[in-house]
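Peer 1: Here's my sequence, what's the structure:
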Amino acid sequence: MITEKLKILKGVLGHGYQSGHEHLFHCPFCKHHKRKMSVNVDKSAFKCWICDKSGRDLGYIVRKFGTRQDRDEWSKYDDRVEITDFDFLFAEPEAPSEQRVDLPESLVSLTNKTPSRSAQIALRYLSKRGITKDDILKWKIGYCSDGEYSGRVVVPSFNENGYSNYFIARSYGDTWPRYKNPPASRDIIFNELYVNWDEDIVIVEGVFDAIKAGNAIPLLGSTLRENSALFQAIVKNGNRVFMALDEDASKKARSIACLLLKYGVEVYEVDTRGIEDVGDMTKDQFQKRKINASLIETDDYLLTKILSA
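Peer 2: Got it, this is the predicted structure:
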């Protein structure tokens, strides 16, 4: 099987040469002129020593850079996911409709140099949550002092083309319910405009968690499914994923991890024990936990979770 896989990889990556237990190829990501990408077929792992691109699923390289014939051949020796599943996953929808959501008419930016009294109340609320002025500027956070979303800070979401497609409205006083969001689909990649698909992705529960976690995407109270926009983007881009869900969301975390592992995604688990929300941590505290995140080994993880379910 290893010989057959190596033959397919050579067809995709070009001629390489063996160095110990590994093979060296030209990196298709950074296209460096020297063969600096190490490939270990036995462990299904690769790493480029120039651009630092790495992964634990060689099938990702075949799917991204190979032909349809290459993918079909690879599927004969790869028991992770049938190739037809990937065909379905990346199929273009027949009539895609780009969701657009109007932001509240009474929305006022919180970046004004001379904030009003009501704005100062909203700013104090954000400050208590550890949200800085830079965060407010980056996430374009505003507030509403009247109208349907009165008494709430608003965090808008923009799609990859810069159009608003959702927003989170959180009360900063005694207004109930705490969250009042638009009647629109949550099957979006929240603030995709600012997501860097060349870096690791952190999956968190809510928007305030995402603000603390760096290159993070909130689930907005939902989960990941094969037909969801976020899941498809992760698999297509081949990102490493760091799961940082709340401690009481262990069942959801198991379900998401199993699905991502099925598609060969490299998944890490950030230890969130002892905290109620990721948003309660400082950015430095979260990064320390992220650095110490545990790699989820496919077989061990699935067996452990099945036995503990």
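
Peer 1: Tell me what the nearest residue to residue 16 once chain neighbours are set aside is bridged to.
Peer 2: Nearest residue to residue 16, sequence neighbours excluded (Cβ to Cβ, 6 or more residues apart in numbering): residue 25, at 4.0 Å. Placement of C-beta: from N, CA and C, glycine included. Judged by DSSP bridges, the bridge partners of residue 25 are residue 37.

Peer 1: Which residue is the nearest non-sequential neighbour of the most centrally placed residue in the chain?
Peer 2: Centroid-nearest residue in the chain, with Cα atoms, centre = their mean: residue 201, separated by 3.8 Å. Of all residues not flanking residue 201 in the chain, residue 239 sits nearest, at 4.5 Å (Cβ to Cβ, 6+ apart).

Peer 1: residues near that neighbour, how many?
Peer 2: 22 (other Cβ atoms under 10 Å).

Peer 1: Surely it is in a helix?
Peer 2: No: looking at residue 239 with DSSP: H, G, I helix; E, B strand; the rest coil, it is coil, so not inside a helix.

Peer 1: measure it to residue 218 for me?
Peer 2: 16 Å (Cβ to Cβ, to the nearest Å).

Peer 1: Where do the strands of the chain begin and end?
Peer 2: Ranges of strands in the chain, per DSSP state E, are 17-19, 22-25, 37-40, 45-48, 54-55, 107-109, 142-144, 152-158, 164-171, 201-204, 216-218, 241-243, 267-269, 294-295.

Peer 1: list the helices and strands the fourth one packs on?
Peer 2: Under the contact criterion of 3 or more Cβ pairs under 8 Å, 6 or more residues apart in numbering; DSSP states H and E, strand 45-48 touches strand 37-40, strand 54-55, helix 58-65.

Peer 1: 7 Å instead?
Peer 2: For strand 45-48, the packing partners by 3 or more Cβ pairs under 7 Å, 6 or more residues apart in numbering; DSSP states H and E come out as strand 37-40, strand 54-55.

Peer 1: swap in the longest one?
Peer 2: Under the contact criterion of 3+ Cβ pairs under 7 Å, 6+ apart, the helices and strands touching strand 164-171 comprise strand 152-158.

Peer 1: which residues are in contact with the strand it packs on?
Peer 2: Contact partners of strand 152-158, identified using Cβ atoms under 7 Å, 6 or more residues apart in numbering, comprise 103-104, 107, 122, 125-126, 139-144, 164-172, 175, 180, 188, 190-191, 193, 207.

Peer 1: What separation do you get for the closest residue to residue 139 other than its chain neighbours and residue 39?
Peer 2: The spatially closest residue to residue 139, leaving aside those adjacent along the chain, is residue 155, at 5.7 Å (Cβ to Cβ, 6+ apart). Plainly put, residue 155 is 42 Å away from residue 39 if you go by Cβ to Cβ.

Peer 1: which ones are touching the closest residue to residue 202 other than its chain neighbours?
Peer 2: Leaving aside its chain neighbours, residue 202 sits nearest to residue 216 (3.8 Å; criterion: Cβ to Cβ, 6+ apart). If you count contacts by Cβ under 7 Å, 6+ apart, residue 216 has them with 202, 204, 210.

Peer 1: Double-check the residue nearest to residue 16 against residue 40; I have them as touching.
Peer 2: No: between residue 25 and residue 40 there is no contact under Cβ atoms under 7 Å: 11.7 Å.

Peer 1: Comparing these two, which residue is more hemmed in?
Peer 2: In this view residue 25 and residue 40 are compared by other Cβ under 10 Å, and residue 25 has more residues nearby, 22 against 15.

Peer 1: got the contact list for that one?
Peer 2: 13, 14, 16, 35, 37, 39.

Peer 1: Let me know the closest of those residues to residue 289.
Peer 2: Ranked by distance to residue 289 (Cβ to Cβ), these are led by residue 37 at 30.2 Å.

Peer 1: thought residue 263 was touching residue 235?
Peer 2: Yes: counting by Cβ under 7 Å, residue 263 does reach residue 235; the two are 4.9 Å apart.

Peer 1: Looking at those two now, which is surrounded by more residues?
Peer 2: Per other Cβ under 10 Å, whichever of residue 263 and residue 235 has more neighbours is residue 235, with 25 against 22.

Peer 1: if I look at the residue nearest to the centre of the chain, how far off is residue 139?
Peer 2: From residue 201 to residue 139 the distance is 17 Å (Cβ to Cβ).

Peer 1: any idea of the mean pLDDT in stretch 248-266?
Peer 2: Stretch 248-266 carries an average pLDDT of 86.
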